[in-house]
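Peer 1: dropping a prediction and its sequence here:
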Amino acid sequence: MTPLLRRISTALLLLAVFVPAVLWAPAWLWAILMAAVVALAAHEWARLSHFPPQTACIYAALLTLSALALPYVLRADWAVFQTSLIVLAVAFWLVVAPLWLLGHWQAQHAFVRAAIGVVVLLPTWAALLYLQARGPAVLLGVMAVVWIADTAAYFSGRHFGRHKLAPAISPGKTWEGVAGAAVALALYAGALSQLADIPLQSLLLMVAGLLYLSVLGDLFESWIKRVSGMKDSGDTLPGHGGVLDRIDALTATLPIATGMLMWLERAT
């Protein structure tokens, strides 16, 4: 099987599991399934951070158990804490992550890496719970932005890529790939505007912002891998690398999209 067919086959298998879970899984089961994703991603993050094997397992277990326990321990205060996690993620992705990449920070200290892993993964889990609770269409609509951008960037970059986007961070990414993603998302916004009766200008602004965050999340993980001397975060997903490789863009886009939705809900 060629690398492309392996990549497509894995993506289709993931969708075959993920989409039914979004549509029909009750809230408690959805939380457990997404916590399992966080567990795998957390272990890979610990691996990228060169934690000893036992420490990596403990780190992943503690982060996952904390995620599962928080809504039940906090109960009525969970909504406030969930909002705080989203605000933390917004600050990280809009301020810290861009500065991190511009400054080529390495931050190899174990405590710093452990803390950043929490900031990256725990708000993503909180966002997945929040968006799924607002309806499958909301979550799938946001995630489709990343999926469409990733697919369009992959093919347009392979066929037309000439100008490197960030060669010091991720040599494989090109401006042509970003342009292809932008065109595909503009078409997606146009279709969504017709189907959902949402103003096209608002959707275009939203998908443009999410495209930027998608690229940022991708580049951030690429830099961490580069500093760590690893090509992939893992080998769990054939053709895609590890779980963290598959959700890197989502760790940036989902919390910000959740923050925008929270703001809109409070404004109306």
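Peer 2: Now that the structure is in, tell me what you want to look at. Numbering: from 1, shown residues only.
Peer 1: use CA for all of it now, contacts and neighbours both
Peer 2: Fine.
Peer 1: where do the strands sit along this protein?
Peer 2: With DSSP state E as the criterion, the chain has strands at 164-166, 170-174.
Peer 1: any idea which of those strands gets closest to His109?
Peer 2: The closest of the strands of the chain to His109 is strand 170-174. By C-alpha to C-alpha, the value is 22.4 Å.
Peer 1: what helices or strands is the closest one leaning on?
Peer 2: Using 3 or more C-alpha pairs under 8 Å, 6 or more residues apart in numbering; DSSP states H and E, the elements in contact with strand 170-174 are strand 164-166, helix 200-228.
Peer 1: quick one, the longest one and strand 170-174 angle?
Peer 2: So that's helix 200-228. 160 degrees (axes from the mean of the first three to the mean of the last three C-alpha atoms, to 10 degrees).
Peer 1: packing partners for helix 200-228?
Peer 2: helix 27-48, helix 97-103, helix 136-160, strand 170-174, helix 175-196, helix 243-267.
Peer 1: and the angle for it with helix 243-267?
Peer 2: 140 degrees.
Peer 1: now helix 200-228: buried residues?
Peer 2: Residues of helix 200-228 classed as buried: 200, 203-204, 206-208, 210-228 (neighbour count, 16 or more other C-alpha atoms under 10 Å).
Peer 1: below-threshold pLDDT in the stretch 151-268 of the chain: ranges please.
Peer 2: Applying pLDDT under 70 to the stretch 151-268 of the chain flags the ranges 235, 237-240, 268.
Peer 1: what do you get if the cut-off is 90, keeping everything else the same?
Peer 2: 154-155, 157-162, 167-168, 170-172, 195-199, 202, 229-243, 245-246, 264-268 (pLDDT under 90).
Peer 1: ok, the stretch 1-150 of the chain next?
Peer 2: Using pLDDT under 90, the stretch 1-150 of the chain drops low at 1-23, 25, 72, 75-76, 106-110.
Peer 1: can you pull the contacts of the closest residue to Ser156 other than its chain neighbours?
Peer 2: Ranked by C-alpha to C-alpha, 6 or more residues apart in numbering and with sequence neighbours excluded, the top spatial neighbour of Ser156 is Gly177, at 5.1 Å. Gly177 makes contact with Ala152, Ala153, Tyr154, Phe155, Ser156, Gly157, Arg158, Phe160, Gly161, according to C-alpha atoms under 8 Å, 6 or more residues apart in numbering.
Peer 1: let's see 7 Å
Peer 2: Counting by C-alpha atoms under 7 Å, 6 or more residues apart in numbering, Gly177 touches Ala153, Tyr154, Ser156, Gly157, Gly161.
Peer 1: measure how buried the first one is and give me the count.
Peer 2: I take that to be Ala153. Applying other C-alpha atoms under 10 Å, we find 26 other residues in the vicinity of Ala153.
Peer 1: next, count neighbours for the closest residue to Leu139 other than its chain neighbours.
Peer 2: In space, Leu139 comes closest to Leu131 once its chain neighbours are excluded; the distance is 5.1 Å by C-alpha to C-alpha, 6+ apart. When neighbours are counted by other C-alpha under 10 Å, Leu131 registers 22.
Peer 1: what's the answer for His109, then?
Peer 2: The number of residues packed around His109, counting by other C-alpha under 10 Å, is 10.
Peer 1: next, the buried residues of stretch 121-133.
Peer 2: Leu121, Leu122, Pro123, Thr124, Trp125, Ala126, Ala127, Leu128, Leu129, Tyr130, Leu131, Gln132.
Peer 1: re earlier: now render the helices and strands packed on strand 170-174 as TSV, adding distance to Trp100.
Peer 2: Formatted as TSV, the helices and strands packed on strand 170-174 follow (distance: least, C-alpha to C-alpha, whole Å):
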stretch	distance to Trp100
strand 164-166	14
helix 200-228	8
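Peer 1: nearest to Ala257, out of these?
Peer 2: It is, among the helices and strands packed on strand 170-174 and with distance given as C-alpha to C-alpha, helix 200-228, at 7.7 Å.
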